[in-house]
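Undergrad: Give me the fold of what follows.
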Amino acid sequence: MTRVAVLHNTLDFQGGADVVCLSVCAALQREYDVSLFTLSETEPGVLAERFDIDLDADALTVRPAFGSERVGRLLSTVAPFVGPQLPFRSVLLRAVFERRADRYDLAVSTANELSVSLPSVQYVHYPQYNRHRLRDDEGATGGLLHRIWSGIAAPTRTELERSTSVLANSEWTAGVVDAVYGIEPAVVHPPVDPIEGGIPWDSRERGVVVVGRLAPDKRLLDAIEIVDGVCARGHDLHLHIVGGAPRAYRDYVERVESAAADRSYVFVERDVPRARIEELLGTHRYGLNCKPEEHFGMSVAEYVAAGMIAFAPDSGGQREILAGRDDRLFDSVPAAVDCIATAVENGDRPALDPDRFSSDRFEDAIRQAVRRRVH
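TA: Modelled structure (predicted):
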């Protein structure tokens, strides 16, 4: 049987990239002998259950890197002081994998682009290396360490063109990859199935739900400020903030919980089961994301999939999810208040297709990409 190695720097941040990783493993298990190389505290089976991914965890061979749990815990512990260090984790992961690369027929990276010594499929959420080539980017001035990691682990354009199929999670990300490497990836949106069991619109609570990891880049304090603003306009609205709380972000989570404790209409729930997330999505009217330039926006797609009205910053891949609608996109906290308050006042109802990003579509695209490289 063809042996496929899936490379993923860490599952510990419990976000959209990790959903993609485990969904790729699940999709390929039907045809290939799949091993997962990762540097994580988190068990794949535990996370797959939380995200309702049909993964056979017992059949998945996990190749931990450098005593994965111990090193993952160490990196998570220092993250509040030095940052998540995802490119560094990928450098370590690549070093471990290359020692075993000759045992595999193909590599699939769900940890963005990597230089590997065998044919590969690489799924890019956002380029992790060579971002100094971009003029306007958070990583453009990443300093000496960023350039070192790029020199060690980044693929060249020739490598990507010769032996790699490159996929991107959105048209927006594909444009960034083109700017960095001069190639145009195929776009394969992440898997987000329609969420069944929602109650009728008229029976739903007039509340806002924010789903995703509890982390600074998600700007959860902005979400609280936005709902404050809508309530100040006389609307009886409440807010649920719900998602994974990785140890790397423990200080920030405490700040969010402290802000919620000062308000009777804000609720924070950590590390809840998938059933609870789906309950909230299926019983509330509005979904909110506050992270600008979200590379895709899994939570935004989930709001649509649950029959909610979704709001998000006017940048990144989430524009594609919301079809560029000006009344659902915002560029500041006051603009977000206006968007939501107007939707409430006008009695708006959802109008976007909840089935656009199905997991069947995603899995078929992944299998086709792998088959092209294997055969």
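
Undergrad: What is the neighbour count of Val96?
TA: Val96 has 18 neighbouring residues, counting by other CB atoms under 10 Å. To be clear about C-beta, it is placed using only N, CA and C from the backbone, and glycine gets the same treatment.

Undergrad: typo on my end, Arg94
TA: A count of nearby residues for Arg94, using other CB under 10 Å, gives 23.

Undergrad: what's near enough to touch it?
TA: Leu7, Leu114, Ser115, Val116, Ile152, Ala153 (CB atoms under 8 Å, 6 or more residues apart in numbering).

Undergrad: cutoff 10 Å now
TA: By CB atoms under 10 Å, 6 or more residues apart in numbering, the contact list for Arg94 reads 7, 9, 37, 65, 101, 107, 109, 111, 114-117, 152-153.

Undergrad: One more: Cys231?
TA: Leu237, His238, Leu239, Arg263, Tyr265, Val266, Val337, Ala341.

Undergrad: how close does it get to Ile340?
TA: Here Cys231 is placed at a distance of 10 Å from Ile340 (CB to CB, to the nearest Å).

Undergrad: Common neighbours of these two, please.
TA: Residues touching both Cys231 and Ile340 (CB under 10 Å, 6+ apart) are Leu237.

Undergrad: picking that back up, highest neighbour count among the contacts of Arg94?
TA: Counting by other CB under 10 Å, top hit in the contacts of Arg94: Asn9 with 32 neighbours.

Undergrad: isn't it right next to Leu92, touching?
TA: Yes. Using CB atoms under 10 Å, Asn9 is in contact with Leu92, at 8.1 Å.

Undergrad: And the helices in this structure, which stretches?
TA: 16-28, 44-50, 68-82, 86-98, 143-153, 157-163, 171-181, 220-232, 250-261, 274-283, 298-305, 318-321, 333-346, 359-374 (DSSP state H).

Undergrad: so which of these is the most packed in?
TA: With neighbours defined as mean count of other CB atoms under 10 Å, the helices of the chain peak in mean count at helix 298-305, which reaches a mean of 29.

Undergrad: low pLDDT regions in the stretch 51-200 of the chain?
TA: The model of the stretch 51-200 of the chain has pLDDT under 70 over residues 65-85, 136-142.

Undergrad: sorry, back to before: quick check: the farthest pair among the contacts of Arg94?
TA: Among the contacts of Arg94, the pair separated by the greatest distance (CB to CB) is Asn9 and Ser117, at 17.9 Å.

Undergrad: hmm, back to that, quick one: closest of the helices of the chain to Ala59.
TA: With respect to Ala59, and counting by CB to CB, the nearest of these is helix 16-28 at 9.6 Å.

Undergrad: Give me the mean pLDDT for that closest one.
TA: Regarding helix 16-28, the rounded mean pLDDT is 96.

Undergrad: which secondary structure elements does that helix contact?
TA: Applying 3 or more CB pairs under 10 Å, 6 or more residues apart in numbering; DSSP states H and E, one finds that helix 16-28 makes contact with strand 3-8, strand 33-38, helix 44-50, strand 106-109, strand 120-124, helix 298-305, helix 359-374.

Undergrad: Ser23 is nearest to which of those?
TA: Smallest distance to Ser23 across the helices and strands packed on helix 16-28 (CB to CB): 6.3 Å, for helix 359-374.

Undergrad: Could you list every helix and strand that the closest one packs against?
TA: Taking 3+ CB pairs under 10 Å, 6+ apart as contact, the helices and strands that helix 359-374 lies on are strand 3-8, helix 16-28, strand 106-109, strand 120-124, strand 164-168, strand 186-187.

Undergrad: Direction included, what does the fifth one pair up with?
TA: In the sheet, strand 164-168 lines up against strand 120-124 (parallel), strand 186-187 (parallel) (DSSP bridges).
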